[in-house]
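Engineer: The following block contains a protein sequence and its predicted model.
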Amino acid sequence: MIRPLLLLPLAAGFLAFIVRSDRARRLLLVWTARVHFLLTALTVLSYLKGPGGVPFAAWLTPLYPRPSEAVWFSFDALGLFFLGITSLLFLGASHYAAYYLAAEKSDPGEDADGLFVFNNAPEAVFTGCLLLFLAAMTAVTSSRHMGLLWAAVEATTLLSAPLIYFHRHKRSLEATWKYLLICSVGIALALMGNLFLGAAGLKAGGGLDFAAMLAAAPGLDKPLLKAAFLFLFVGYGTKMGLSPFHTWLPDAHSEAPALVSALLSGALLNCAFLGVLRVNAVCVSAGLADFTGGVLVLFGLFSVVTAAMFMLGQRDYKRMLAYSSIEHMGILALGTGLGGTGLFAALLGALSHSLTKAGLFFTSGNVLAAERTKRISEVRGLWRRAPRTAVLWLGGFFLITGLPPSGVFLSKFLILREAVAGGHYWLAAGFLFFLAVLFTGMARVFIAMTFGDRGQKEGEKPYAEPAGMLLPAALFFALVLGLGLYVPAWLDSLLWAAAGR
Amino acid sequence: MNTFAELIIVVVILLDMALAVTGSLSGCIRLVAVQGVVAGLLPLLAGGGAAHGVRALIFPVAIVTLKGVVFPWLLLRARDRSGARKDVEPLISYPASILLCLGAFIASSWLGSRLPLPETNVAWIVPASLATIFTGFLLITTRTKAITQVLGYLVIENGIYIFGLALFVEQPMLVELAILLDVFVAVFVMGIAIFHISREFDHIDTAELSELSDWRSGEYGK
């Protein structure tokens, strides 16, 4: 099942470059996403049922490789979990994209702030890169070898850079350049970390195969393993958007088209987080849990603080969402650092954050289409112009800030409880304080944008809300709301398996 | 055998120093290419009983072709198309650059002796690799042109490659190929980006890429 999962988006991506008809290409995008999601669902199902649980299990042998077997791609619970998030997000994004691309085609070229006129990148290149991006993310989640994982993460950077530069103007170009350079250099440090990791295993003979390394963990060279963790943490942390390595993130998220921002925030950051989780798992089994936990908690909390600082006085609503992503990545690092239930909560948080944030970015695209500006101060009384968008916008705010019931609330609450249970009272208090700051900062923006009077802008045409661009967000929000009320048994067991219990 | 390898290490260090003081853009591109080629030849000379055969030959050939021919060609083309000034326009003076580079080499020698790394049979290989990585960072942070930042990235990559040789970490063939492909695509994509930057802004000075910021209230952030 792994080979079709990887080859399908790869083949479709190359095909998208040569298909001439726009309609056919959009259909290709949507159907690839659907089939990819179906295959992912089947793989998760057969993993949960165990060997022989699904009739055609013979296809699925790579799910259960023998320990000695040299396999490049295979799934474990953690990889499958992140694959599930990625595939689900891509399903939503592809349906959104079909409408978005059609709208861009019929009304291209005006800057959102009316400053200048620009062109769009060719749609074939955009769709092709989007599909190849999915292939790269699938490879990240299924890589068994740390070196291959590195190569796949770097590939996601390179394939998503053209996506950010879809609207061809100066600001998006600046964002693309920063993204390319900062992430490439960051990831180069992770390569250094991989080398240290290999050196740490020279005597124990673990190689860089993840499963073999876990088995050989107690025999690894401790000082070298620490160095490896630091380099990998900085490298993948850059890509994940942890402060102070986050500087590319707000620019890229605010300048990319809405659906690309959604994929970056919801799927790509998770892929980098997976890299951190992998090396953390090895370090924890080698008995370095205190060291790695300290680093993760420190940078996690620092990211939350940074996000809170920049949230106040934010002028651009897409940048605001980007800082909220930095906050949530910080929370994930914090939960992972605390370990135990904290890791479980971090994974639950990753799922809820991905869905909520993707929905919010989708909706921000609709707000942009309705109001033609990204400035917070120029959007007032959204509900008068686009009532359904306004409902989603406000609903997304309640979910992302973690008001109960939502999956985000559950994950924040569990992390807080874990911090208190571990006796880290100051940590818990600080965490809670900055969450409150973030809530206030975001509440100010969302409420001001949604309610209030709205003056007619110059030369404004009435805005019809396309249902196809509202539905993915609505669906995602419903799922997160559901997660807050009830975590299904199968998801619970998958989460615990991914958290290493 | 190792005399040659040690000679190469000396050359790599000298190239770092030269990069710190070279003012001409095409000169820098050539120096980075030479460094890449020299580093690519290192495993052939330092091998001394390590894996031989097809595999041991394919990689040096691929690396030398990429770093010695393809990258300089791509970057020189980007330089010509951009119509930018032909010097690197550093933010700090050249003497300061070379002093920083020397300081980095001394710090790397100290660090190299402190790191609990496996014994290497080529002297100075670890300090040289660390100093090269630092030189790469120096190029990225103190030179303003987009092309010099790509060069910095390539120098960092050279340093990491030498570091990998020093640690004897044998990555499987597929992984090595994937890494090489990534570096190639990275330079390729950055080259395209430079082309767009020069067309959009009429220059490739990244210090001017500062419209997006939360610190300054620029034109956009009113």
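Structural biologist: Okay, I see it.
Engineer: Please make it C-alpha for all contacts and neighbour counts, starting now.
Structural biologist: Fine.
Engineer: and residue 34, what is it in contact with?
Structural biologist: No chain in the question, so chain A it is. residue A:91 (C-alpha atoms under 8 Å, 6 or more residues apart in numbering or on different chains).
Engineer: think we crossed wires, I meant chain B
Structural biologist: Residues near residue B:34 by C-alpha under 8 Å, 6+ apart: residue B:68.
Engineer: Residue B:57 too?
Structural biologist: residue B:44.
Engineer: Tell me the helix or strand right after the host helix or strand of residue A:369.
Structural biologist: Residue A:369 is part of helix A:341-371, with elements assigned from DSSP states H and E. Using DSSP H and E, the helix or strand that follows helix A:341-371 towards the C-terminus is helix A:382-385.
Engineer: just the helices in the stretch 151-300 of chain A please.
Structural biologist: A:170-200, A:210-216, A:222-240, A:248-255, A:258-263, A:269-285, A:289-311 (DSSP state H, counting those that start in this stretch).
Engineer: Quick check: which of these is buried the most?
Structural biologist: Of all these, helix A:258-263 carries the top mean neighbour count, a mean of 28, counting by mean count of other C-alpha atoms under 10 Å in any protein chain shown.
Engineer: what helices or strands is it leaning on?
Structural biologist: helix A:77-106, helix A:248-255, helix A:341-371 (3 or more C-alpha pairs under 8 Å, 6 or more residues apart in numbering or on different chains; DSSP states H and E).
Engineer: so who does the closest residue to residue A:196 other than its chain neighbours touch?
Structural biologist: In space, and not counting its chain neighbours, residue A:196 is closest to residue A:228: 4.9 Å by C-alpha to C-alpha, 6 or more residues apart in numbering or on different chains. Listed by C-alpha under 8 Å, 6+ apart, the contact partners of residue A:228 are A:192-197.
Engineer: pLDDT and distance to residue B:2 for those - can I get that in TSV?
Structural biologist: Formatted as TSV, those follow (pLDDT from 0 to 100; distance: C-alpha to C-alpha, whole Å):
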residue	pLDDT	distance to residue B:2
A:192	91	24
A:193	92	27
A:194	91	26
A:195	90	23
A:196	89	24
A:197	89	26
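Engineer: Relative to residue A:143, which of those residues is nearest.
Structural biologist: Of all the contacts of residue A:228, the one with the least separation from residue A:143 (C-alpha to C-alpha) is residue A:194, at 14.1 Å.
Engineer: just checking, that closest one touches residue A:148?
Structural biologist: No. Residue A:194 is not in contact with residue A:148 according to C-alpha atoms under 8 Å; the separation is 10.3 Å.
Engineer: rank the helices of the stretch 151-300 of chain A by pLDDT, which is bottom?
Structural biologist: The stretch with the lowest mean pLDDT among the helices of the stretch 151-300 of chain A is helix A:210-216, at a mean of 85.
Engineer: isn't there a strand covering residue B:119?
Structural biologist: No. Counting by DSSP: H, G, I helix; E, B strand; the rest coil, one finds residue B:119 to be coil, located in no strand.
Engineer: I'd like to know how far it sits from chain A.
Structural biologist: Shown here: residue B:119 relative to chain A, a distance of 11 Å by C-alpha to the nearest C-alpha, to the nearest Å.
Engineer: Give me the pLDDT value at that residue.
Structural biologist: Value for residue B:119, per-residue pLDDT: 72.
Engineer: Could I get the average pLDDT for stretch B:141-158?
Structural biologist: 90.
Engineer: just to revisit the earlier point, now render the helices of the stretch 151-300 of chain A as JSON lines, adding distance to residue A:393.
Structural biologist: Shown next, in JSON lines, are the helices of the stretch 151-300 of chain A (distance: least, C-alpha to C-alpha, whole Å):
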{"stretch": "helix A:170-200", "distance to residue A:393": "24"}
{"stretch": "helix A:210-216", "distance to residue A:393": "41"}
{"stretch": "helix A:222-240", "distance to residue A:393": "25"}
{"stretch": "helix A:248-255", "distance to residue A:393": "17"}
{"stretch": "helix A:258-263", "distance to residue A:393": "14"}
{"stretch": "helix A:269-285", "distance to residue A:393": "22"}
{"stretch": "helix A:289-311", "distance to residue A:393": "17"}
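Engineer: Would you pull up how far the lowest-mean-pLDDT helix or strand in chain A lies from the middle of the chain?
Structural biologist: Across the helices and strands of chain A, mean pLDDT, DSSP states H and E gives its lowest value to strand A:119-120, namely a mean of 73. Distance of strand A:119-120 from the chain centroid (C-alpha atoms, centre = their mean, to the nearest Å) equals 26 Å.
Engineer: Relative to it, what are the paired strands and their orientations?
Structural biologist: Paired strands of strand A:119-120, with direction, are strand A:167-168 (antiparallel) (DSSP bridges).
Engineer: From the opening residue of stretch A:309-318 to its closing one, how far?
Structural biologist: End-to-end distance for stretch A:309-318, by C-alpha to C-alpha, to the nearest Å: 16 Å.
Engineer: sorry, back to before: could you give the angle of the helix or strand following the least confident helix or strand of chain A to helix A:77-106?
Structural biologist: Where DSSP H and E defines the elements, the next helix or strand beyond strand A:119-120 is helix A:123-142. For helix A:123-142 against helix A:77-106, the angle by axes from the mean of the first three to the mean of the last three C-alpha atoms, to 10 degrees is 170 degrees.
Engineer: Measure how far helix A:123-142 is from the centre of its chain, please.
Structural biologist: That offset, for helix A:123-142, works out to 14 Å (C-alpha atoms, centre = their mean).
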